[in-house]
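In: quick check, what structure comes out for this input:
(2 chains)
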Amino acid sequence: MKTEKMAIEINNMTKNYGKHRGVKDLNLHVERGDIYGFLGPNGAGKSTTIRSLLGLLRFQKGSASIFGMDVRCRQKEILKEIGYMPSEAMFYPSMRVKEVIRLAADLRGQDCRREADRLCERLAVDTDKKIEELSLGNRKKVSIVCAMQHKPQLFIFDEPTSGLDPLMQAEFFKLVLEYNRQGTTCFLSSHVLTEIKRYCRHAAIIKEGEVIRTDTVENLTRTNSRRIHMIRDGREESFLYQGSLNELFAGFAGHDIADITIEEPALDEIFMHYYDEEDRQSEESADMQ
Amino acid sequence: MTNRKQIKKHITLYRHEMKRNIKTISVWTLSVGLLCLGCILLYTSLEDSIQEMAASFSDLGAVSAALGMDKMSLTTLSGYYATEIAMMHGLGGAMFAAILGSGLLSKEESGHTTDFLYVMPVGRRYIVWSKYLALVSHIVIFNLVCTGFYLFGFAVMGEGISGTEMLLFHFASMLMQIEIGSVCFLLSACVKKNLIGAGIGIAILLFGMDMMCRIVPAIENLKYITPFYYANAADIFSNGTIDAVMAFTGAALTLVSVLAAWGIYERKDF
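Out: So this is what the prediction gives:
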């Protein structure tokens, strides 16, 4: 298992919920040691993919493996190597935080007290509180401890930072990077583009159940588009421009340009561009048919 | 070493489930146990009105038979126990088992804790069986404590009761509760929400079936469906045995329910 290069391999995975789409012919490959972002809007299929990997959902077609082990046959062995943080972070309301953390460790058959104490200190978790007294952010912190305390080989995080304050988000990613330096692979789904850009090396973009692009984050965020803000003939204008700047300036001839700013487009705009491009391609192929 | 670790994990799961239901079991055990104990202790002071009640019931024919009063006399504490107390205990126990069983699996989904429990390297099979073992343990504890209350009541009243019949009745009653709990456990495996109302409904429906099939000869065959039939105290106290065919049918239904619940849960999407 240790020699397996791929942490996650998904080939042509299809999962439908009755007549409703889950994911379709999904392919994804995450290398061991990577920090991999999984981007997409709500309902795109991110959680379906993750839940299928964890064995919570059974997919109809294709194959999926973690560290070379088929997720359908070797679920228990796989789950030993995974630290999972769900988007909702729900626990048993009447239990105390320390009881939940201890329960998670006991169910893994491991003594994780030292690591759990360290994580609770880093994340400022009050272990004496009852779960029902905690806010979403504090439940998320408990979830982080449960996912990390057994020092797994692979983290799977489903929208990990939602509900966490900015300080805790920073602390969370600091922890992720520390574990990653020790060899832990991290696969995280998000729709917060800035955190994907800052922390992930590779990313996949999913739309309506299909992966539409996978690449390094650097390549995905590189663009020759520019956001132009200007005052032309007394009118304020702002638009995304793709092409030669010489041609752009040539087009200004005969106009009164009072002010102009040229900047890189916002990260959101770059990703929206992938979605729009996909839509255009679909429309074009439909027209050709 | 691996096996020992695995057993430890299962004990953890079982203990976790036992702890989660501690309030439910305490409330139901004390409510049913103390209510029935109170009724036993009140027997002497209610003796006159009970005898009047027995006289008026004797005119009701089939209804009297449905309540077992044609076999046991209310004029003795044993008869009062076999007809009135046993009915309260049976119905209370059945509702308790139904409430527990109907939420045991589905509460993980309705409480959104599947994302915690089912990503632990334990295996669904062990989760299902640990939960079922906890259900059976709760029912056994409920019956042991309640029987203790009733024996205490008899001791206070200074009256003896046939140990064999008492043991047989409580064994049959426990089988009946396990059967109802198992059917509700199966129901719990099929849904994503807690169906406690449906569980209580099943218990009451089966109780009603028992009464009806004793009154109306045309629907006598309902006795093969309702477990209240073989757990009827008046029958057991008067015959000195449990109807073995009915009890085996009940045990078979219990087994089928649990195996079906397991099969469904192994394939379920969360």
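In: find the centremost residue of the chain, please.
Out: Here I'm looking at chain A. By C-alpha atoms, centre = their mean, chain A has its centre lying nearest to A:S189, at 2.0 Å.
In: that's the wrong chain, I wanted chain B
Out: Centrality entry for chain B: nearest residue to the mean C-alpha point is B:Q177, 2.3 Å, by C-alpha atoms, centre = their mean.
In: number of residues surrounding the residue lying closest to A:R122 once chain neighbours are set aside?
Out: Computed as C-beta to C-beta, 6 or more residues apart in numbering or on different chains, the closest residue to A:R122 that is not its neighbour in sequence is A:E171, at 6.2 Å. Yep, even glycine has a C-beta here, placed from its N, CA and C like the rest. Neighbour count of A:E171, defined by other C-beta atoms under 10 Å in any protein chain shown: 17.
In: and if you look at A:M69?
Out: 16.
In: separation between it and chain B?
Out: From A:M69 across to chain B, the span is 12 Å (C-beta to the nearest C-beta, to the nearest Å).
In: got it, and A:G40?
Out: Taking C-beta to the nearest C-beta, one finds A:G40 at 19 Å from chain B.
In: now A:R118
Out: With C-beta to the nearest C-beta as the criterion, A:R118 and chain B are 21 Å apart.
In: ditto for A:E171
Out: To chain B, A:E171 is 22 Å away according to C-beta to the nearest C-beta.
In: so, low pLDDT: which residues of the chain?
Out: I'll assume chain A. Along chain A, segments meeting pLDDT under 70 span A:1-3, A:267, A:277-289.
In: try chain B instead
Out: In chain B the weaker segments, taking pLDDT under 70 as the threshold, are B:1-2, B:54-72.
In: residues in it within reach of chain A, list them.
Out: Contacts of chain B with chain A, taken as C-beta under 8 Å from any C-beta of the partner chain, map to B:5-6, B:8-9, B:12-13, B:16, B:20, B:111-123, B:267, B:269-270.
In: among those, which ones are buried?
Out: Buried members of those, scored by 16 or more other C-beta atoms under 10 Å in any protein chain shown, are B:6, B:9, B:12-13, B:16, B:20, B:111, B:113-123, B:270.
In: let me see the ranges of the strands in the chain.
Out: If you meant another chain, say so; for now it's chain A. Listed in chain order, the strands of chain A (DSSP state E) span A:6-17, A:20-31, A:35-39, A:61-66, A:69-70, A:82-85, A:154-158, A:185-190, A:202-207, A:210-216, A:225-232, A:235-242, A:257-263.
In: what are the phi and psi values at the residue of chain A most remote from its centre?
Out: Distance from the C-alpha centroid of chain A, by C-alpha atoms, centre = their mean, peaks at A:G254 (47.8 Å). Listed backbone geometry of A:G254 is phi 90, psi 0, with angles given as degrees, to the nearest 10.
In: so which of the buried ones among the residues of chain B next to chain A are in helices?
Out: B:6, B:9, B:12-13, B:16, B:20, B:114-117 (DSSP state H).
In: what about A:G37, distance to chain B?
Out: 21 Å.
In: surely that residue is in contact with A:T216?
Out: No. If you go by C-beta atoms under 8 Å, A:G37 and A:T216 don't touch, sitting 10.6 Å apart.
In: ok, the two, which is more surrounded?
Out: Ranked by neighbour count (other C-beta under 10 Å), A:G37 and A:T216 place A:G37 first, with 24 against 12.
In: show me what contacts that one?
Out: A:188-190, A:196, A:199-200, A:202-204, A:217 (C-beta atoms under 8 Å, 6 or more residues apart in numbering or on different chains).
In: who does it form a beta bridge with?
Out: Beta-bridge partners recorded for A:G37 (DSSP bridges): A:L188, A:A203.
In: now for the ones in helices among the buried ones among the residues of chain B next to chain A, which pair is the farthest apart?
Out: With distances taken as C-beta to C-beta, the most widely separated pair in those is B:Q6 and B:D115, at 22.6 Å.
In: and whatever helix or strand B:L144 lives in, what does it pack against?
Out: Taking DSSP states H and E as the criterion, B:L144 maps to helix B:124-157. Applying 3 or more C-beta pairs under 8 Å, 6 or more residues apart in numbering or on different chains; DSSP states H and E, one finds that helix B:124-157 contacts helix B:2-20, helix B:22-41, helix B:86-103, helix B:163-190, helix B:244-266.
In: which of the ones you listed sits most buried?
Out: Most buried of the helices and strands packed on helix B:124-157, by mean neighbour count (mean count of other C-beta atoms under 10 Å in any protein chain shown): helix B:86-103, with a mean of 25.
In: ok, now which ones touch A:D215?
Out: A:202-203.
In: beta partners of it?
Out: Under the criterion used (DSSP bridges), A:D215 bridges to A:A203.
In: any idea how far A:A204 is from it?
Out: A:D215 sits 8 Å away from A:A204, going by C-beta to C-beta, to the nearest Å.
In: need the residues of chain A near chain B, please.
Out: Checking chain A against chain B by C-beta under 8 Å from any C-beta, the hits are A:17, A:51, A:54-58, A:75-77, A:79-80, A:82, A:84, A:86, A:88, A:90-94, A:100, A:103-104, A:106-109, A:146.
In: count the neighbours of the residue lying closest to B:T249 once chain neighbours are set aside for me.
Out: Computed as C-beta to C-beta, 6+ apart, the closest residue to B:T249 that is not its neighbour in sequence is B:Y224, at 6.0 Å. Other residues lying near B:Y224 total 14 when counted by other C-beta under 10 Å.
In: fine by me, we can end here.
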